[in-house]
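Asker: following is a predicted model, sequence given first.
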Amino acid sequence: MNFISRSQIKKLPKAELHLHIEGSLGPELMMKLAKRNKIKLKYQSLDDIRAAYQFSNLQSFLDIYYEGAQVLVCEEDFFDLTWEYLLRCKEDNVVHAEIFFDPQTHTERGVSFNTVITGMKRALDQGNRELGISSYLIMCFLRHLPETSAFKTLEEALPFKSWIKAVGLDSSELGHPPSKFARVFEAAREHGLLAVAHAGEEGPPEYIWEALELLKVRRIDHGVRSMEDPKLIQYLQQKQIPLTVCPLSNLKLKVFKDLRDHNLKKLMNAGILVMINSDDPAYFGGYLGDNYFECAKALALSWEDLKTLARNSFSASFLPDDEKTRMLNLIERTCSDHM
Ligand code: ADE
Ligand code: ZN
């Protein structure tokens, strides 16, 4: 078994398709923005913040994640947050990112939709120009909130429609099935937006079926519980519906007890179009490169496996076909000399 080094992983050009921008808010930036906006955090120090990041399940994480997001108030804050993530992308050789944002986390506190999206968009444009990183925005509806709130958010988004590639669905999964949002997803699709949804992270395979059949999603975010339903696995394999898997997130939120138990490799062996993502890297102990590295170690992934995962990240992206081909060729060119 060849040992895969961090520098080899870095050489692989990669796309990230499952990243919540609010989940990339690191402790240092959180403290800095709290000071800048005169917001009182319940933490006194960076160590206090880090010590709070012990989670027993998705909800215990979300409570802390929404608390941290309070420090984001002005356009400049959303710019700084996004720019910091793009600099991390550069370090990890992430050349394309499809980024989730949760407008309701901010609009519910009185921050305007315009403030949120304008700050992010300015950073993404600068990232494209100065770092050569392409990106799309995916607007997520918070599933613990009512359908009316999702419809209001869609209305607010329409003036910025050309900046948004797709809609998504996130937050507390159990008790909030995709069917609750069938109508708002239909409206979003009629406006030309693509659709994705978190499903099968903590929720049952039925939620994945609902996301596919009722929300007409192009990808499933997480989807690791699909393994419990052989018919679903067969369907995902035949239709090549991507699963955006987030291994370190699953470990931190106790979806799997140990990274060695993660079903990523089993999903690959079943012919599912999976790739690795970081989800909320500031909270889960690792950005994209760390996720690749830890999976390579825990699951004894080969160099060929890692190349497949990187290839899948582009194949499953919303990039146009010619751009996908260019990225797949780039992987071959940069990595043919490796092992
Ligand atoms: N929001 C941020 N991270 C999430 C996750 N892993 N699942 C659901 N909602 C989220
Ligand atoms: Zn997520």
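Answerer: Received the coordinates, thanks. Numbering: from 1, shown residues only. Ligands and ions are numbered 1, 2, ... in the order given.
Asker: show me the beta-bridge partners of the residue in the stretch 51-200 of the chain positioned nearest to ligand 1.
Answerer: Nearest residue of the stretch 51-200 of the chain to ligand 1 (Cβ to the nearest ligand atom) works out as Asp170 at 3.5 Å. C-beta coordinates here come from the backbone N, C-alpha and C atoms, glycine included. Asp170 forms beta bridges with Leu142, as assigned by DSSP bridges.
Asker: how many residues are close by it?
Answerer: Using other Cβ atoms under 10 Å, Asp170 is surrounded by 26 other residues.
Asker: tell me the contacts of it?
Answerer: Asp170 is in contact with 20, 100, 102, 140-143, 198, 221, counting by Cβ atoms under 8 Å, 6 or more residues apart in numbering.
Asker: change it to 10 Å
Answerer: Taking Cβ atoms under 10 Å, 6 or more residues apart in numbering, we find Asp170 in contact with 18, 20, 23, 58, 62, 100, 102, 105, 138, 140-144, 196-198, 201, 221-222, 279.
Asker: now Val168, nearest residue through space, not along the chain?
Answerer: You called it Val, but residue 168 is Gly. Excluding the flanking residues, the one nearest Gly168 by Cβ to Cβ, 6 or more residues apart in numbering is Cys140, at 4.0 Å.
Asker: sorry, slip of the keys, the one I care about is Leu251.
Answerer: Take Leu251 and drop its neighbours on the chain: the residue closest to it by Cβ to Cβ, 6+ apart is Leu259, 5.3 Å away.
Asker: please determine how far the one you found is located from ligand 1.
Answerer: According to Cβ to the nearest ligand atom, to the nearest Å, Leu259 stands 16 Å off from ligand 1.
Asker: give me the buried subset of the contacts of Asp170.
Answerer: The neighbour count (16 or more other Cβ atoms under 10 Å) marks 18, 20, 23, 58, 62, 100, 102, 105, 138, 140-144, 196-198, 201, 221-222, 279 as buried among the contacts of Asp170.
Asker: so of those, which ones are in helices?
Answerer: Counting by DSSP state H, the buried ones among the contacts of Asp170 place 58, 62, 105 in helices.
Asker: from these, which are also near ligand 1?
Answerer: Leu58 (Cβ under 6 Å from any ligand atom).
Asker: now the ones in helices among the buried ones among the contacts of Asp170 as TSV including pLDDT?
Answerer: Shown next, in TSV, are these (pLDDT from 0 to 100):
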residue	pLDDT
Leu58	97
Leu62	96
Thr105	98
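Asker: closest to Val255 out of the ones in helices among the buried ones among the contacts of Asp170?
Answerer: Leu58 (8.3 Å; Cβ to Cβ).
Asker: show me the contacts for the closest one.
Answerer: The contact partners of Leu58, by Cβ under 10 Å, 6+ apart, come to 65, 170-174, 198, 201-203, 222, 249, 253-255.
Asker: quick one on the thing from earlier: isn't the residue nearest to Leu251 right next to Lys297, touching?
Answerer: Yes: at 8.1 Å, Leu259 counts as touching Lys297 under the criterion of Cβ atoms under 10 Å.
Asker: quick one: which of those two has more around it?
Answerer: More crowded of Leu259 and Lys297, by other Cβ under 10 Å: Leu259, with 17 against 13.
Asker: so what pLDDT did the residue of the stretch 1-150 of the chain found nearest ligand 1 get?
Answerer: As assessed by Cβ to the nearest ligand atom, ligand 1 sits closest to His20 within the stretch 1-150 of the chain, at 4.2 Å. Note on His20: pLDDT of 98.
Asker: what does Phe3 give?
Answerer: So Phe3 comes in at 83 (pLDDT).
Asker: contact partners for Glu98?
Answerer: Neighbouring residues of Glu98 by Cβ under 10 Å, 6+ apart: 15-19, 134-138, 165-166, 168, 194, 196, 219, 244, 277, 313, 316-319.
Asker: among those residues, which lie within helices?
Answerer: Per DSSP H, helices hold the following members of the contacts of Glu98: Ser313.
Asker: show me what whichever strand or helix holds Lys35 is packed up against.
Answerer: Lys35 belongs to helix 27-36 when assigned by DSSP states H and E. Judged by 3 or more Cβ pairs under 10 Å, 6 or more residues apart in numbering; DSSP states H and E, helix 27-36 is in contact with helix 46-52, helix 58-69, helix 75-92, helix 281-284.
Asker: 7 Å instead?
Answerer: The contact analysis (3 or more Cβ pairs under 7 Å, 6 or more residues apart in numbering; DSSP states H and E) places helix 27-36 against helix 46-52, helix 75-92.
Asker: coming back round to it: write the PyMOL selection for whichever of the contacts of Leu58 are buried.
Answerer: Command for PyMOL, covering only those of these found buried under the criterion 16+ other Cβ under 10 Å:
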select buried, resi 65+170+171+172+173+198+201+202+203+222+249+253+255
